[in-house]
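A.B. asks: Give me the fold of what follows.
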Amino acid sequence: MTLKLDNLNSVLLQKSAKRLHKRRKQITETKNAILAGTQNETDSKERLALYEKREASLALSQGLPIAAQTALFEEEIPDLATIGKEALIGLKNDLLPIEFFEYGLYAARSVGRLEHSEGLKFGTGFLVGQGLMMTNHHVLQTPQDARSHFFELGAEANRIGNQTPSKICSIHPEKFFWANEELDVAIVAVVDEDPSFIPLEHYGWHVLTRQQGMIKKGDPVNIIQHPLGRNKAVVVHNSHLLHIENETDAHMFCWYSGDTQKGASGSPVFNNHWEVVAVHHMAVPKTNTAGEVLDKHGNPITKEIARHSPHLIAYAANEGIRTSRIVSALEAADFEKPSHAETRDNLLNFWARPGAHTRGLRAAVRSSLAV
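C.D. replies: Okay, here's the model as predicted:
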């Protein structure tokens, strides 16, 4: 008997698959355009204009070339004799400043592992400032779920440098808890049980913004996660934004090709400036018109094979919740406790302050210096 999405008893997955199924053509077009170096042609003029305006602003503040096509160290008047020695392949300049790696290390500090107190249930979360952590609703659905988990920072391996000590925080939903089932996101307060051992704020944080133009189709995405509940990992290879759209029934979501594994739910999805553009929540398998799940050869897969060899299931893309939509939903949320509403307001103001993103990364520097 073939495996159908209906058999999996997951409303969340069925909704994700339905959204993606309607956009298979656009996603395939973007994948092909990435290989051809013409991904700009797949995005809307409005989104490209917002993206280019924002990139120009960031380039000015960082002292980098403004034109997206200009190499970092390209001569003003190229010598024709150099043709054939070096070149930008495709339409996008992929040269990055070397500090990209260091920024990534600091961005990773605030990403942690969520673990159930009884073990065997894992997720990923990340600090968002004000002593709060974000993950998926399906990871922490209720305050009771939250109380049964703990949040561990610094669960990572380092065999050639200083080993970062881990820090375990308890979760305090009484102080703050917000979950949105439709968006599949949750924000909860974490408690620094041992502030004398690397204070929580020294792990940094990530801000969420409603600003548009942070990323466009075909751009790389970087996903920091705890796959299978193991040590922290990052995806930077074969990882691109495949589809995003506005003013549709799926405007709250985006799709990308970066790898994830069980336990990655709640991971931050970054652009190349290490800004959070989405929160990962679902891997969407390929299906046919009958709703049957397909294997990597395009054939319907049986329940038995899927159960014993899940790696043979073909996936169309990973799906994440856009940060701009999370900010809007949090802003519109109603809270029974006035203290929770006040915490929400403080968090939104905190995110909106100029330079909040940079301050979050700089705060993580203190953790590395303290080791």
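
A.B. asks: Give the buried residues for the helix ranked longest in the chain.
C.D. replies: Ranked by number of residues, the top helix in the chain under DSSP state H is helix 45-62. For helix 45-62, the neighbour count (16 or more other C-beta atoms under 10 Å) marks Arg47, Leu48, Leu50, Tyr51, Glu52, Arg54, Glu55 as buried. Any C-beta I mention is one placed from the backbone N, CA and C, and that applies to glycine too.

A.B. asks: which residues touch Asp43?
C.D. replies: Tyr51, Lys216, Lys217, Gly218 (C-beta atoms under 8 Å, 6 or more residues apart in numbering).

A.B. asks: ok so, going back, centre of the chain versus the longest helix of the chain, how much separation?
C.D. replies: How far helix 45-62 lies from its chain's middle: 21 Å, per C-alpha atoms, centre = their mean, to the nearest Å.

A.B. asks: Next SSE downstream of it?
C.D. replies: helix 99-109 (DSSP states H and E).

A.B. asks: by contact count, what packs against the helix or strand hosting Ala33?
C.D. replies: Assessed by DSSP H and E, Ala33 sits inside helix 24-36. Contact analysis of helix 24-36 by 3 or more C-beta pairs under 8 Å, 6 or more residues apart in numbering; DSSP states H and E lists strand 241-244, strand 315-322 as its packing neighbours.

A.B. asks: can you redo those as a markdown table with distance to Thr38 and mean neighbour count?
C.D. replies: Output for the helices and strands packed on helix 24-36, formatted as a markdown table (distance: least, C-beta to C-beta, whole Å; neighbours: other C-beta atoms under 10 Å):
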| stretch | distance to Thr38 | mean neighbour count |
| --- | --- | --- |
| strand 241-244 | 14 | 26 |
| strand 315-322 | 19 | 24 |
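
A.B. asks: Dump those strands into a markdown table; add mean pLDDT as well.
C.D. replies: Converted to a markdown table, these look like this (pLDDT from 0 to 100):
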| stretch | mean pLDDT |
| --- | --- |
| strand 241-244 | 96 |
| strand 315-322 | 96 |
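
A.B. asks: Tabulate the ones you listed (JSON lines), appending distance to Gln141.
C.D. replies: Output for those, formatted as JSON lines (distance: least, C-beta to C-beta, whole Å):
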{"stretch": "strand 241-244", "distance to Gln141": "27"}
{"stretch": "strand 315-322", "distance to Gln141": "15"}
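
A.B. asks: Tell me which of those sits nearest to Ser267.
C.D. replies: strand 315-322 (8.6 Å; C-beta to C-beta).

A.B. asks: and the nearest residue to Phe335 once chain neighbours are set aside, what element?
C.D. replies: Spatial nearest neighbour of Phe335, chain neighbours left out: Ala341 (4.2 Å); criterion: C-beta to C-beta, 6 or more residues apart in numbering. Using DSSP H and E, Ala341 sits within helix 338-352.

A.B. asks: and that helix, which residues are buried?
C.D. replies: Buried residues in helix 338-352 (16+ other C-beta under 10 Å): His340, Thr343, Arg344, Leu347, Phe350, Trp351.

A.B. asks: Per-residue confidence, the fourth one, what does it come out as?
C.D. replies: To tie it back to what came earlier, the one meant is Leu347. Here, the pLDDT recorded for Leu347 equals 98.

A.B. asks: which ones are touching it?
C.D. replies: Going by C-beta under 8 Å, 6+ apart, Leu347 touches Val128, Gly129, Gln130, Leu132, Ile187, Leu330.

A.B. asks: Return the backbone torsion pair for the residue most central in space within the chain.
C.D. replies: Geometric centre of the chain, nearest residue: Val269, 1.5 Å, by C-alpha atoms, centre = their mean. The phi/psi pair for Val269 (degrees, to the nearest 10) reads phi -110, psi 120.

A.B. asks: I'd guessed it sits against Ile321; true?
C.D. replies: No. Counting by C-beta atoms under 8 Å, Val269 does not reach Ile321; the two are 9.2 Å apart.

A.B. asks: Could you point out the helix or strand that follows the longest strand anywhere in the chain?
C.D. replies: Ranked by residue count under DSSP state E, the longest strand found in the chain is strand 276-285. Sequence-wise, the next helix or strand downstream of strand 276-285 (DSSP H and E) is helix 303-308.

A.B. asks: CA atoms only: put that next one into CSV for me.
C.D. replies: In CSV, the C-alpha atoms belonging to helix 303-308 read as follows (Å, rounded to 0.1, in the frame of the first residue of the first chain):
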residue,chain,number,x,y,z
LYS,A,303,4.3,2.5,3.8
GLU,A,304,6.7,-0.3,4.5
ILE,A,305,9.6,1.2,2.5
ALA,A,306,9.0,4.7,3.9
ARG,A,307,9.0,3.2,7.5
HIS,A,308,12.2,1.3,7.1
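
A.B. asks: got the buried residues for that helix?
C.D. replies: Applying 16+ other C-beta under 10 Å to helix 303-308 flags Ala306 as buried.

A.B. asks: now it, how far from the centre of its chain.
C.D. replies: With C-alpha atoms, centre = their mean, you get 29 Å for helix 303-308.

A.B. asks: Could you name the helices and strands sitting against it?
C.D. replies: Secondary elements touching helix 303-308 (3+ C-beta pairs under 8 Å, 6+ apart): none.

A.B. asks: Can you pull out the residues in contact with that helix?
C.D. replies: With contact meaning C-beta under 8 Å, 6+ apart, helix 303-308 is reached by Met1, Thr2, Leu3, Asn7, Val293, Asp295, Leu312, Ile313.

A.B. asks: Just give me the closest of those to Asp192.
C.D. replies: Ile313 (40.4 Å).

A.B. asks: Distance check, the closest one against Leu140.
C.D. replies: 26 Å (C-beta to C-beta, to the nearest Å).
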